[in-house]
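# When you get a sec, could you give me coordinates for this:
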Amino acid sequence: MSLKKLLVYGTILVSLSFFYIDKVQAQSPADLDNAVANMPLIHTMLNELNDRYCRFDSSQFTGGYIVLKNFNDDMIFFDLNVFEGNETDGQIMQMTKTGLMTIKYGKAYYNELAPDGSNLFTMKLIPGDNDDVELIIDNYTEPEFHWKHSWINSRSGDIGGLTTDSALVFLENLPSAATSLNKYNGAKDRSYKLVEAPDMIGSYFYQYKAFTNKGKFIGRYWFTKDLHAVYRVDPDMSEPVLIFGNKNSEDDKALKKCWKK
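Below you'll find the model as predicted:
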């Protein structure tokens, strides 16, 4: 090979090398490094979303709430009730949904799929800087349901009520050894039912009882009003058993007051 050809090939290789280095640098800027470094912090922020949040732009025709509760290190429980309309025609669209969101890449995600694998419903939650969150909702069965709103913490310390669907989400995602909602009691196809007590217990606990479809008693559960703990409280138990969350001093007082031996 001639010296001229060697010089040409050498120039091409050097040019390609610099191009490759530039591409790598372009894909690895300092802000990307910062974003990666901040992932644990954002993850922690998501884990600390424990309250009832209200729409920032609430009005007569727009509003709603979302209850957020850390379920474990990688999941957030949510109970969503949102509505939107306009004064012109007076029509209001409302949507309710409850479930568990998965924490991933600094955001929390929830997704429902159709039997063919297509998206039915997606939701993405992004934590803000001032104890607020941004929620992006897509309901693919109704194209007009594409919402992106800011939600602010109500700081109420109370979720404002617990629905049966929400109680089911909690209990069905706890170990069956703690809830007794296992395949022998119909948990596989949900052939059991939860019955809500008409009133709170001691103004502190939401109570649910589980029965098989044949009416056999399975278990009784008390949920604290801010969902920081769930207790198994069957009548034949010697004392309440914590099956979710952490007990605090207020729980001790309420349990001593409400527990009937």
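
# For the stretch 51-200 of the chain, which segments are assigned as helices?
164-172, 176-179 (DSSP state H, counting those that start in this stretch).

# could those go into a markdown table alongside distance to residue 74 and mean pLDDT?
Any C-beta I mention is one placed from the backbone N, CA and C, and that applies to glycine too. Below are the helices of the stretch 51-200 of the chain laid out as a markdown table (distance: least, CB to CB, whole Å; pLDDT from 0 to 100):
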| stretch | distance to residue 74 | mean pLDDT |
| --- | --- | --- |
| helix 164-172 | 15 | 90 |
| helix 176-179 | 19 | 90 |
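
# can you list the weak-confidence ranges in this protein?
Flagging of the chain using pLDDT under 70 yields the residue ranges 1-45, 47, 87, 89-90, 130, 143-145, 155-160, 183-190, 261.

# isn't residue 67 right up against residue 227?
Yes. Contact criterion CB atoms under 8 Å: residue 67 and residue 227 qualify, at 7.5 Å.

# returning to what we had before: let me know which of the helices of the stretch 51-200 of the chain is tucked in deepest.
Each of the helices of the stretch 51-200 of the chain was scored by mean neighbour count; the highest is helix 164-172, a mean of 18, by mean count of other CB atoms under 10 Å.

# centre of the chain versus that helix, how much separation?
Chain-centre distance of helix 164-172: 13 Å, with CA atoms, centre = their mean, to the nearest Å.

# Could you do stretch 168-181 as well?
17 Å.

# Now do the same contact list for residue 139.
Shown in contact with residue 139 (CB atoms under 8 Å, 6 or more residues apart in numbering): 95, 120, 121, 145, 146.

# burial count for the third one?
Residue 121 has 19 neighbouring residues, counting by other CB atoms under 10 Å.

# sorry, back to before: is it possible to get CSV of the helices of the stretch 51-200 of the chain that adds distance to residue 244?
Output for those, formatted as CSV (distance: least, CB to CB, whole Å):
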stretch, distance to residue 244
helix 164-172, 7
helix 176-179, 8
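
# For residue 212, find the nearest of the ones you listed.
helix 176-179 (13.5 Å; CB to CB).

# Which strands or helices does that closest one pack on?
On a contact count with 3 or more CB pairs under 8 Å, 6 or more residues apart in numbering; DSSP states H and E, helix 176-179 meets strand 241-245.

# quick one: strands adjacent to the strand it packs on?
Neighbouring strands of strand 241-245 in its sheet, by DSSP bridges, are strand 229-232 (antiparallel).

# which residues are in contact with the partner strand?
Residues from elsewhere that reach strand 229-232 (CB under 8 Å, 6+ apart): 170-171, 174, 178-179, 205, 219-224, 240-248, 251, 255.
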